[in-house]
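Chemist: sequence first, predicted model second:
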Amino acid sequence: MAQEQKQPKKSSEADEVDETAPEGTVAERKEQLDEDIDAILDEIDEVLESNAEDFVKSFIQKGGE
Amino acid sequence: MSVRRVMGTEVEYGISVTGQPSANPMVASSQVVNAYASATLKARRARWDFEEESPLRDARGFDMSRAVADASQLTDEDMGLANVILTNGARLYVDHAHPEFSTPECTNPLDIVKWDKAGEQIMLDASIRAAQLPGGPAIVLYKNNTDNKGVSYGAHENYLMRRSTPFSDIVGHLTPFLVSRQVVTGAGRVGIGQDGRGQGFQISQRSDFFEVEVGLETTLKRPIINTRDEPHADPEKYRRLHVIIGDANLAEVSTYLKVGTASLVLAMIEDRYITRDLGLETPVASLRAISHDPTCKLTVALKDGRRLTAVQLQLEYLDLAKKYVEDRLGADADAQTVDVLRRWESVLTRLEDDPMLCAGELDWAAKLKLLQQYRDRDGLDWDDHKLHAIDLQYADIRPEKGLYHRLVSMGRIETLIDKGQVDDAMHEPPTDTRAYFRGRCLEKYSASVAAASWDSVIFDIPGRDSLQRVPTIDPLRGSKAHVGELFDRCDTAEQLFRALTG
């Protein structure tokens, strides 16, 4: 899927980048991090159910076990 | 003395029919199971053999009367609901209002992860097949445990144990472990309380639904320690510990540590290795309090007067387990045992520091991190429908829609098993337990298998008047090493049956 290849990221990259950021470039790194998170959220926004309220309300289960 | 043990998981999936919130869940569940069975099983479909089921037998030494049992406890009655045995040795069936997948018997945590994931894949495949039938419904399945409206459904674990271990030892030493392990095994949940109306995020999907410390029930008055005594093995030698207090995990590390650490703790209990009393003052209240504190800083009271966090309690068990493995196995410890200990320690150390450091491994941390990012970006309160929707959709098993799957495809959650191995496990049984015998019988002689269960395969052999029951009472017999050559040699069920009984 084209969507999946758009933003390939290693699992802990964000944390590592933050921890190893050298002095003086923190703001720059922070900005990158925010962009990274925004990209993830944008990608997830694309697949989220559009009407959250209806979706949540109509998820009704019967007991089991 | 290691993480190796005969064990299995059972997961009930949440089910919804798109656009039809009032659709009958039993019908929809049956459609899922039947669609998969019809498409994948050749010739005849073997029945489930209920003969050895005893859901009302209590480990404390008595049987509950059928008259006082809740109808939901009578799992030994054939209700006519869809119920099939697969060539991988697993059971796929309808449990009340949910489709359920029970893994075949496995011997180690990685195999549990593999067949538990195969179960997800089978459920996905089944729902797609059900939708393709003429007039078939669009069914979506969720690997979660609650609808946030008061209903919960389970994800159970089963562990074979020595019968000689006093049940009171299991209760005493396992309860604090189960109460605290949610910081590792929780699936994460938006909402507090059984109906989820309270605002906030909690660690476990299940903790608010537990009401007593010990008991036989699974659907009402849910107990931390379940006493069902139905070993599916020689009852003189074994008991099957039925653990109902787990979340349905999607993250592979969560599942791996869930069964790996439990297996180690049970080994220590069997070997009477635990001499410290880690008993809690109020286990049920502590269970909920720990779940409601995603910072992992809350302390709970032990009977000995100490107050520990859930992570510190887990560290006590880890410390014991490390000494135990060193004592008993030393340098001979197998790779998975060493790996479980290493990962357990790594996760606990980071949980103590900042739980968000585990967002690449554990379900609840992954979910919370995602939710926090949305809260930060959009300024959302915990009662916002969008956050509840994200919680639900994390557990959607469709790879294109499920948020767990999206995070994996973005490389943000670690996996342990290759996709190809999971695909194989959809059809192939583990080679080192009786599941191998069951699965191969279904695969090779399906036309002649009338019924099967965990502890039997029943053949209908041409020319014989009665059905022939082959007991499989020992979970470790019937392995590939034991009977693989028989399957290679026997072309028909009759030849196999003769070779086994001859």
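Modeler: Nice, I can see it. Being a predicted model, the structure only gives us computed values, none of them experimental.
Chemist: now do stretch B:277-294: distance from first to last residue.
Modeler: Stretch B:277-294 has its terminal residues 26 Å apart, counting by Cα to Cα, to the nearest Å.
Chemist: who's in contact with the helix-or-strand element of chain B with minimal mean pLDDT?
Modeler: In chain B, the helix or strand scored least confidently by mean pLDDT, DSSP states H and E is strand B:62-63, which has a mean of 78. Identification of contacts with strand B:62-63 by Cβ atoms under 8 Å, 6 or more residues apart in numbering or on different chains yields B:54, B:56-57. For glycine as for every other residue, the C-beta is placed from the backbone atoms N, C-alpha and C.
Chemist: residue contacts, the nearest residue to residue B:40 once chain neighbours are set aside?
Modeler: With sequence-adjacent residues excluded and distances taken as Cβ to Cβ, 6 or more residues apart in numbering or on different chains, residue B:40 is closest to residue B:86, at 7.5 Å. Residue B:86 is in contact with B:40-41, B:92, B:122, B:427, B:439, B:442, counting by Cβ under 8 Å, 6+ apart.
Chemist: give me the buried subset of those.
Modeler: With burial judged by 16 or more other Cβ atoms under 10 Å in any protein chain shown, the buried subset of the contacts of residue B:86 is B:40-41, B:92, B:122, B:439, B:442.
Chemist: from the residues you listed, pick the one nearest chain A.
Modeler: residue B:92 (14.7 Å; Cβ to the nearest Cβ).
Chemist: in the sheet, who's paired with the closest one?
Modeler: Counting by DSSP bridges, residue B:92 is bridged to residue B:84, residue B:101.
Chemist: and it, how far is that from residue B:162?
Modeler: Distance, residue B:92 to residue B:162, by Cβ to Cβ, to the nearest Å: 30 Å.
Chemist: circling back to that earlier point, narrow the contacts of residue B:86 to those in strands?
Modeler: For the contacts of residue B:86, the ones inside strands are residue B:92, with DSSP state E as the criterion.
Chemist: and the least confident of the contacts of residue B:86?
Modeler: Among these, residue B:41 carries the weakest pLDDT, at 79.
Chemist: how about that residue, what does it touch?
Modeler: So residue B:41 contacts B:84, B:86-87, B:442, B:446 (Cβ under 8 Å, 6+ apart).
Chemist: likewise residue B:28?
Modeler: By Cβ under 8 Å, 6+ apart, the contact list for residue B:28 reads B:15, B:17, B:130, B:137, B:139.
Chemist: ok, and which of the contacts of strand B:62-63 reach chain A?
Modeler: On the criterion Cβ under 8 Å from any Cβ of the partner chain, none of the entries of those sits beside chain A.
Chemist: of the contacts of residue B:28, which is the nearest to residue B:189?
Modeler: residue B:15 (18.5 Å; Cβ to Cβ).
Chemist: got a list of contacts for the helix or strand encompassing the closest one?
Modeler: Assessed by DSSP states H and E, residue B:15 sits inside strand B:14-17. Here strand B:14-17 makes contact (Cβ under 8 Å, 6+ apart) with A:58-61, B:23, B:25, B:28-29, B:32, B:97-99, B:137-145, B:147, B:153, B:395.
Chemist: so where do the strands sit in chain A?
Modeler: Going by DSSP E, chain A shows no strands.
Chemist: which parts of the longest helix belonging to it are buried?
Modeler: Looking across chain A with DSSP state H, the single longest helix is helix A:26-47. For helix A:26-47, the buried set under the neighbour-count rule, 16+ other Cβ under 10 Å, comprises A:33, A:37, A:40-41, A:43-44, A:47.
Chemist: same check, this time on stretch B:468-484
Modeler: B:468, B:470, B:472-475, B:478-480, B:482-483.
Chemist: among those, which are in helices?
Modeler: B:480, B:482-483.
Chemist: picking that back up, restricted to helices, list the contacts of strand B:14-17.
Modeler: The members of the contacts of strand B:14-17 that map onto helices under DSSP H are B:25, B:28-29, B:32.
Chemist: need the buried ones from those residues selected in ChimeraX.
Modeler: Those of the ones in helices among the contacts of strand B:14-17 that count as buried under 16+ other Cβ under 10 Å are selected in ChimeraX with:
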select /B:25,28,29,32
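Chemist: looking at the ones in helices among the contacts of strand B:14-17, which is nearest chain A?
Modeler: For the ones in helices among the contacts of strand B:14-17, the nearest to chain A is residue B:25 (5.1 Å; Cβ to the nearest Cβ).
Chemist: so how far is residue B:206 from the closest one?
Modeler: Residue B:25 is 20 Å from residue B:206, where distance means Cβ to Cβ.
Chemist: likewise residue B:62?
Modeler: Distance of residue B:62 to residue B:206, given as Cβ to Cβ: 27 Å.
Chemist: repeat that for residue A:47.
Modeler: Counting by Cβ to Cβ, the gap from residue A:47 to residue B:206 is 26 Å.
Chemist: try residue B:251
Modeler: Residue B:251 is 16 Å from residue B:206, where distance means Cβ to Cβ.
Chemist: and those two? Which one has more around it.
Modeler: residue B:251 (30 against 25; other Cβ atoms under 10 Å in any protein chain shown).
Chemist: burial measure for the nearest residue to residue B:154 once chain neighbours are set aside, as a count.
Modeler: Leaving aside its sequence neighbours, residue B:154 sits nearest to residue A:65 (Cβ to Cβ, 6+ apart; 4.4 Å). If you count neighbours by other Cβ under 10 Å, residue A:65 ends up with 22.
Chemist: isn't residue B:189 up against residue B:394?
Modeler: No. With contact defined as Cβ atoms under 8 Å, residue B:189 does not reach residue B:394; the gap is 10.0 Å.
Chemist: pLDDT below threshold where in the chain?
Modeler: Went with chain A since none was named. Applying pLDDT under 70 to chain A flags the ranges A:1-24.
Chemist: let's do chain B instead
Modeler: B:42-44, B:67, B:71-72, B:74-80.
Chemist: again, only using 90
Modeler: Within chain B, the stretches with pLDDT under 90 are B:1, B:19, B:21-22, B:39-83, B:96, B:134-137, B:217-220, B:229, B:462-465, B:502.
Chemist: can you tell me the centre-most residue of it?
Modeler: Centroid-nearest residue in chain B: residue B:9, 2.8 Å away (criterion: Cα atoms, centre = their mean).
Chemist: just the C-alphas of whichever strand or helix holds that residue, formatted as PDB.
Modeler: Using DSSP H and E, the element containing residue B:9 is strand B:7-12. This file holds the C-alpha atoms of strand B:7-12, laid out as PDB (Å, rounded to 0.1, in the frame of the first residue of the first chain):
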ATOM      1  CA  MET B   7      -0.100 -24.000  27.700                       C
ATOM      2  CA  GLY B   8      -2.600 -22.300  25.500                       C
ATOM      3  CA  THR B   9      -4.700 -19.200  25.100                       C
ATOM      4  CA  GLU B  10      -8.400 -18.600  24.300                       C
ATOM      5  CA  VAL B  11      -9.600 -15.300  22.900                       C
ATOM      6  CA  GLU B  12     -13.200 -14.100  22.500                       C
END
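Chemist: and it, does that touch chain A?
Modeler: Yes. Counting by Cβ under 8 Å from any Cβ, chain A is contacted by strand B:7-12 at residue B:12.
Chemist: neighbouring contacts of that strand?
Modeler: Outside strand B:7-12, the residues touching it (Cβ under 8 Å, 6+ apart) are A:64-65, B:95, B:98-107, B:112, B:116, B:119, B:143, B:153-160, B:248, B:255, B:259, B:263.
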